[in-house]
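> Based on what follows, work out the 3D shape:
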Amino acid sequence: MNHYQMSHSEMLELRRWNTPTIYNGWEQITKHDVGTEAVNLEPVTDFMPQMGAMVGRAITIVVEPGNPIHKKTKSSAWSEYRSYIASIPGPKIVIVQDLDKPNTFGSFWGEVNSNVHRALGCVGTIVDGAIRDVDEMTYAGFKALARRMCVGHAYNWPVQWGGEVEVFGRKIQPGQLIHADKHGFIAIPPEDEQGLLDASRFMDSNECKTVIDVARTTCGQSIEEMLAAMNDASARYRKAMTEKFSRGGEF
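Next comes the predicted model:
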(Lines give C-alpha, C1' and ligand atoms only; values in the text may rest on other atoms or scores of the structure.)
Protein backbone atom coordinates (compact mmCIF):
# COMPACT_ATOMS: atom_id res chain seq x y z
CA MET A 1 0.00 0.00 0.00
CA ASN A 2 1.32 3.42 -0.94
CA HIS A 3 1.24 6.07 1.77
CA TYR A 4 1.96 9.77 1.89
CA GLN A 5 5.66 10.41 2.53
CA MET A 6 6.82 13.48 4.38
CA SER A 7 9.12 15.75 2.35
CA HIS A 8 12.66 16.71 3.32
CA SER A 9 11.53 20.23 4.22
CA GLU A 10 8.76 18.85 6.44
CA MET A 11 11.29 16.63 8.22
CA LEU A 12 13.48 19.66 8.85
CA GLU A 13 10.53 21.40 10.46
CA LEU A 14 9.66 18.28 12.47
CA ARG A 15 13.18 18.39 13.90
CA ARG A 16 12.38 21.71 15.64
CA TRP A 17 10.51 19.82 18.37
CA ASN A 18 11.68 17.21 20.82
CA THR A 19 10.57 13.59 20.50
CA PRO A 20 7.90 13.76 23.26
CA THR A 21 6.18 16.57 21.33
CA ILE A 22 6.16 14.42 18.19
CA TYR A 23 4.65 11.62 20.26
CA ASN A 24 1.96 14.03 21.49
CA GLY A 25 1.05 14.83 17.90
CA TRP A 26 1.23 11.21 16.77
CA GLU A 27 -1.11 9.93 19.49
CA GLN A 28 -3.83 12.28 18.22
CA ILE A 29 -3.85 10.95 14.67
CA THR A 30 -2.93 7.27 14.96
CA LYS A 31 -5.12 4.19 15.22
CA HIS A 32 -2.26 2.26 16.84
CA ASP A 33 -1.95 1.58 20.56
CA VAL A 34 -0.16 4.66 21.90
CA GLY A 35 0.83 2.77 25.05
CA THR A 36 2.77 -0.06 23.44
CA GLU A 37 3.61 0.80 19.84
CA ALA A 38 6.09 2.97 17.91
CA VAL A 39 8.43 3.99 20.77
CA ASN A 40 11.46 2.19 22.25
CA LEU A 41 10.53 -0.27 24.99
CA GLU A 42 14.02 -0.57 26.52
CA PRO A 43 16.36 2.10 27.92
CA VAL A 44 18.51 3.88 25.34
CA THR A 45 21.17 6.57 25.84
CA ASP A 46 21.68 9.63 23.64
CA PHE A 47 25.44 10.20 23.63
CA MET A 48 25.15 13.58 21.87
CA PRO A 49 22.16 15.30 23.56
CA GLN A 50 23.63 18.71 22.75
CA MET A 51 22.94 18.03 19.06
CA GLY A 52 19.19 18.07 19.65
CA ALA A 53 16.74 15.84 17.82
CA MET A 54 17.44 13.90 14.64
CA VAL A 55 14.91 13.01 11.96
CA GLY A 56 15.32 10.70 9.00
CA ARG A 57 14.34 7.51 7.26
CA ALA A 58 15.53 4.17 8.58
CA ILE A 59 18.46 2.44 6.97
CA THR A 60 18.50 -1.02 8.56
CA ILE A 61 21.50 -3.28 9.15
CA VAL A 62 22.37 -6.31 11.27
CA VAL A 63 25.88 -6.76 12.70
CA GLU A 64 27.64 -9.30 14.92
CA PRO A 65 31.02 -7.90 16.01
CA GLY A 66 31.74 -10.94 18.17
CA ASN A 67 31.64 -13.40 15.24
CA PRO A 68 34.72 -13.57 12.94
CA ILE A 69 33.00 -15.69 10.30
CA HIS A 70 31.31 -12.78 8.49
CA LYS A 71 34.60 -11.06 7.69
CA LYS A 72 35.88 -14.32 6.19
CA THR A 73 32.82 -15.19 4.11
CA LYS A 74 31.43 -11.79 2.99
CA SER A 75 34.38 -10.07 1.36
CA SER A 76 32.21 -7.67 -0.70
CA ALA A 77 29.77 -6.81 2.11
CA TRP A 78 31.12 -3.31 2.81
CA SER A 79 31.02 -2.27 -0.84
CA GLU A 80 27.50 -3.63 -1.34
CA TYR A 81 26.28 -2.08 1.90
CA ARG A 82 27.65 1.37 0.99
CA SER A 83 25.98 1.14 -2.42
CA TYR A 84 22.69 0.36 -0.68
CA ILE A 85 23.02 3.44 1.53
CA ALA A 86 23.92 5.68 -1.41
CA SER A 87 20.86 4.53 -3.39
CA ILE A 88 18.39 5.91 -0.82
CA PRO A 89 17.55 9.63 -0.47
CA GLY A 90 18.38 11.35 2.82
CA PRO A 91 18.20 12.33 5.51
CA LYS A 92 18.78 8.81 6.82
CA ILE A 93 19.21 7.25 10.25
CA VAL A 94 21.07 3.94 10.46
CA ILE A 95 19.21 1.45 12.64
CA VAL A 96 21.61 -1.26 13.80
CA GLN A 97 20.63 -4.58 15.38
CA ASP A 98 23.59 -6.17 17.17
CA LEU A 99 23.23 -9.95 17.27
CA ASP A 100 25.69 -10.14 20.19
CA LYS A 101 23.08 -8.64 22.53
CA PRO A 102 23.06 -8.81 25.54
CA ASN A 103 26.85 -9.09 25.24
CA THR A 104 29.02 -6.38 23.70
CA PHE A 105 32.21 -7.44 21.93
CA GLY A 106 32.81 -4.42 19.71
CA SER A 107 31.40 -1.34 18.04
CA PHE A 108 30.13 -0.91 14.50
CA TRP A 109 30.60 2.84 14.98
CA GLY A 110 33.65 5.03 15.39
CA GLU A 111 35.34 8.01 13.77
CA VAL A 112 35.80 6.41 10.34
CA ASN A 113 32.40 4.82 9.94
CA SER A 114 30.51 7.89 11.16
CA ASN A 115 32.33 10.14 8.66
CA VAL A 116 31.64 7.70 5.81
CA HIS A 117 27.95 7.48 6.65
CA ARG A 118 27.67 11.25 7.10
CA ALA A 119 29.09 11.72 3.59
CA LEU A 120 26.41 9.33 2.28
CA GLY A 121 23.55 11.40 3.72
CA CYS A 122 23.08 9.75 7.13
CA VAL A 123 22.54 12.06 10.10
CA GLY A 124 22.94 9.51 12.88
CA THR A 125 22.30 6.05 14.23
CA ILE A 126 20.27 4.06 16.72
CA VAL A 127 22.35 1.00 17.60
CA ASP A 128 21.30 -1.70 20.05
CA GLY A 129 24.94 -2.18 20.92
CA ALA A 130 27.99 0.02 21.46
CA ILE A 131 29.72 3.06 20.01
CA ARG A 132 33.25 4.40 20.39
CA ASP A 133 35.12 7.58 19.41
CA VAL A 134 32.23 9.61 20.82
CA ASP A 135 33.98 12.99 20.52
CA GLU A 136 35.07 12.24 16.96
CA MET A 137 31.56 11.13 16.00
CA THR A 138 30.25 14.39 17.41
CA TYR A 139 32.80 16.39 15.39
CA ALA A 140 31.55 14.56 12.30
CA GLY A 141 28.01 15.76 13.05
CA PHE A 142 26.81 12.19 13.47
CA LYS A 143 24.37 11.63 16.34
CA ALA A 144 24.15 8.31 18.17
CA LEU A 145 21.69 6.61 20.49
CA ALA A 146 23.13 3.38 21.86
CA ARG A 147 23.27 1.00 24.82
CA ARG A 148 26.82 1.77 25.88
CA MET A 149 30.34 2.74 24.86
CA CYS A 150 33.22 0.35 24.28
CA VAL A 151 36.90 0.36 23.32
CA GLY A 152 37.28 -1.96 20.31
CA HIS A 153 35.55 -2.78 17.05
CA ALA A 154 36.14 -6.58 17.19
CA TYR A 155 34.95 -8.25 13.94
CA ASN A 156 33.01 -5.26 12.67
CA TRP A 157 31.33 -6.30 9.40
CA PRO A 158 27.89 -5.90 7.77
CA VAL A 159 25.91 -9.12 8.07
CA GLN A 160 22.67 -8.18 6.31
CA TRP A 161 20.80 -5.00 5.48
CA GLY A 162 17.57 -3.68 4.04
CA GLY A 163 15.24 -5.85 6.13
CA GLU A 164 13.29 -5.62 9.37
CA VAL A 165 15.40 -5.16 12.51
CA GLU A 166 14.63 -5.08 16.21
CA VAL A 167 16.30 -2.52 18.47
CA PHE A 168 15.46 -1.68 22.07
CA GLY A 169 12.38 -3.88 21.89
CA ARG A 170 10.98 -2.15 18.80
CA LYS A 171 10.76 -3.67 15.31
CA ILE A 172 11.60 -1.19 12.55
CA GLN A 173 11.13 -1.48 8.82
CA PRO A 174 13.52 0.13 6.31
CA GLY A 175 12.24 3.52 5.19
CA GLN A 176 10.25 4.24 8.35
CA LEU A 177 10.30 7.84 9.55
CA ILE A 178 12.34 8.09 12.77
CA HIS A 179 12.44 10.92 15.31
CA ALA A 180 14.94 10.58 18.15
CA ASP A 181 16.57 12.58 20.93
CA LYS A 182 17.68 12.21 24.55
CA HIS A 183 14.25 10.91 25.55
CA GLY A 184 14.35 7.94 23.16
CA PHE A 185 12.89 7.41 19.72
CA ILE A 186 9.63 6.96 17.85
CA ALA A 187 9.25 4.98 14.61
CA ILE A 188 6.24 6.43 12.79
CA PRO A 189 3.95 3.92 11.06
CA PRO A 190 3.80 4.82 7.34
CA GLU A 191 0.09 5.55 7.40
CA ASP A 192 0.62 8.16 10.14
CA GLU A 193 3.09 10.41 8.32
CA GLN A 194 0.32 12.49 6.79
CA GLY A 195 -0.87 14.97 9.36
CA LEU A 196 1.98 14.33 11.82
CA LEU A 197 3.66 17.70 11.35
CA ASP A 198 0.38 19.60 11.66
CA ALA A 199 -0.66 17.59 14.73
CA SER A 200 2.68 18.11 16.47
CA ARG A 201 2.65 21.83 15.72
CA PHE A 202 -0.92 22.11 17.02
CA MET A 203 -0.23 20.20 20.24
CA ASP A 204 2.77 22.36 21.08
CA SER A 205 0.84 25.56 20.40
CA ASN A 206 -2.23 24.39 22.30
CA GLU A 207 -0.18 23.65 25.43
CA CYS A 208 1.54 27.05 25.29
CA LYS A 209 -1.73 28.96 24.84
CA THR A 210 -3.63 27.22 27.64
CA VAL A 211 -2.20 25.24 30.56
CA ILE A 212 1.44 26.39 30.35
CA ASP A 213 0.41 30.03 29.91
CA VAL A 214 -1.80 29.93 32.99
CA ALA A 215 0.84 28.10 35.03
CA ARG A 216 3.35 30.86 34.21
CA THR A 217 1.04 33.86 34.73
CA THR A 218 -0.97 33.07 37.87
CA CYS A 219 1.89 33.32 40.37
CA GLY A 220 0.94 35.64 43.21
CA GLN A 221 -2.76 34.83 43.04
CA SER A 222 -4.56 32.91 45.72
CA ILE A 223 -4.64 29.12 45.55
CA GLU A 224 -8.34 29.25 44.77
CA GLU A 225 -7.77 31.66 41.87
CA MET A 226 -4.86 29.60 40.53
CA LEU A 227 -6.84 26.35 40.62
CA ALA A 228 -9.83 27.97 38.96
CA ALA A 229 -7.61 29.37 36.21
CA MET A 230 -5.92 25.99 35.71
CA ASN A 231 -9.25 24.19 35.50
CA ASP A 232 -10.42 26.69 32.90
CA ALA A 233 -7.18 26.33 30.93
CA SER A 234 -7.46 22.54 30.99
CA ALA A 235 -11.02 22.76 29.69
CA ARG A 236 -9.90 25.04 26.85
CA TYR A 237 -7.02 22.67 26.10
CA ARG A 238 -9.36 19.67 25.82
CA LYS A 239 -11.94 21.64 23.83
CA ALA A 240 -9.34 22.69 21.26
CA MET A 241 -8.18 19.09 20.89
CA THR A 242 -11.72 17.78 20.63
CA GLU A 243 -12.42 20.22 17.83
CA LYS A 244 -9.19 19.23 16.06
CA PHE A 245 -8.96 15.48 16.81
CA SER A 246 -11.07 12.63 18.11
CA ARG A 247 -8.70 11.73 20.99
CA GLY A 248 -8.45 13.31 24.42
CA GLY A 249 -5.32 14.47 26.19
CA GLU A 250 -3.24 14.35 29.34
CA PHE A 251 -5.09 17.12 31.12
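
> What is the least confident helix or strand in the protein?
Ranked by mean pLDDT, DSSP states H and E, the weakest helix or strand in the chain is helix 69-73, scoring a mean of 89.

> Quick one: name whatever helix or strand follows that helix.
helix 77-86 (DSSP states H and E).

> helices and strands around that next one, which ones?
Packing partners of helix 77-86 (3 or more Cβ pairs under 8 Å, 6 or more residues apart in numbering; DSSP states H and E): strand 54-63, strand 158-161. Bear in mind the C-beta positions are built from the backbone N, C-alpha and C, glycine included.

> If you average the pLDDT over the longest one, what comes out?
For strand 54-63, the mean per-residue pLDDT is 98.

> Point out the other helices and strands that it packs with.
Against strand 54-63 (3+ Cβ pairs under 8 Å, 6+ apart) you get helix 8-14, helix 77-86, strand 92-98, strand 122-131, strand 158-161, strand 165-167, strand 177-181.

> just to revisit the earlier point, please tabulate the helices and strands packed on helix 77-86 in TSV, including the columns distance to Ser75.
TSV is the format used below for those (distance: least, Cβ to Cβ, whole Å):
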stretch	distance to Ser75
strand 54-63	16
strand 158-161	11
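
> Could you dump these into TSV with mean neighbour count and distance to Phe47 added?
Shown next, in TSV, are the helices and strands packed on helix 77-86 (neighbours: other Cβ atoms under 10 Å; distance: least, Cβ to Cβ, whole Å):
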stretch	mean neighbour count	distance to Phe47
strand 54-63	24	12
strand 158-161	19	22
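
> So for Val151, which of the ones you listed sits nearest?
Judged by Cβ to Cβ, the one of those that comes nearest to Val151 is strand 54-63, at 16.8 Å.

> In its sheet, which strands sit next to the closest one, and in what direction?
Strand 54-63 sits in its sheet next to strand 92-98 (parallel), strand 158-161 (antiparallel), strand 177-181 (antiparallel), going by DSSP bridges.

> Next, the angle from it to strand 122-131.
When axes from the mean of the first three to the mean of the last three Cα atoms, to 10 degrees is applied, the directions of strand 54-63 and strand 122-131 differ by 50 degrees.

> Any idea how far strand 54-63 is from the middle of the chain?
Computed by Cα atoms, centre = their mean, to the nearest Å, the separation of strand 54-63 from the middle of its chain amounts to 10 Å.

> I'd guessed Met48 sits against Ala144; true?
Yes: using Cβ atoms under 8 Å, Met48 makes contact with Ala144 at a distance of 6.3 Å.

> Could I get the helices and strands packed on strand 54-63 in JSON lines, plus columns for mean pLDDT?
JSON lines is the format used below for the helices and strands packed on strand 54-63 (pLDDT from 0 to 100):
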{"stretch": "helix 8-14", "mean pLDDT": "96"}
{"stretch": "helix 77-86", "mean pLDDT": "96"}
{"stretch": "strand 92-98", "mean pLDDT": "98"}
{"stretch": "strand 122-131", "mean pLDDT": "98"}
{"stretch": "strand 158-161", "mean pLDDT": "96"}
{"stretch": "strand 165-167", "mean pLDDT": "98"}
{"stretch": "strand 177-181", "mean pLDDT": "98"}
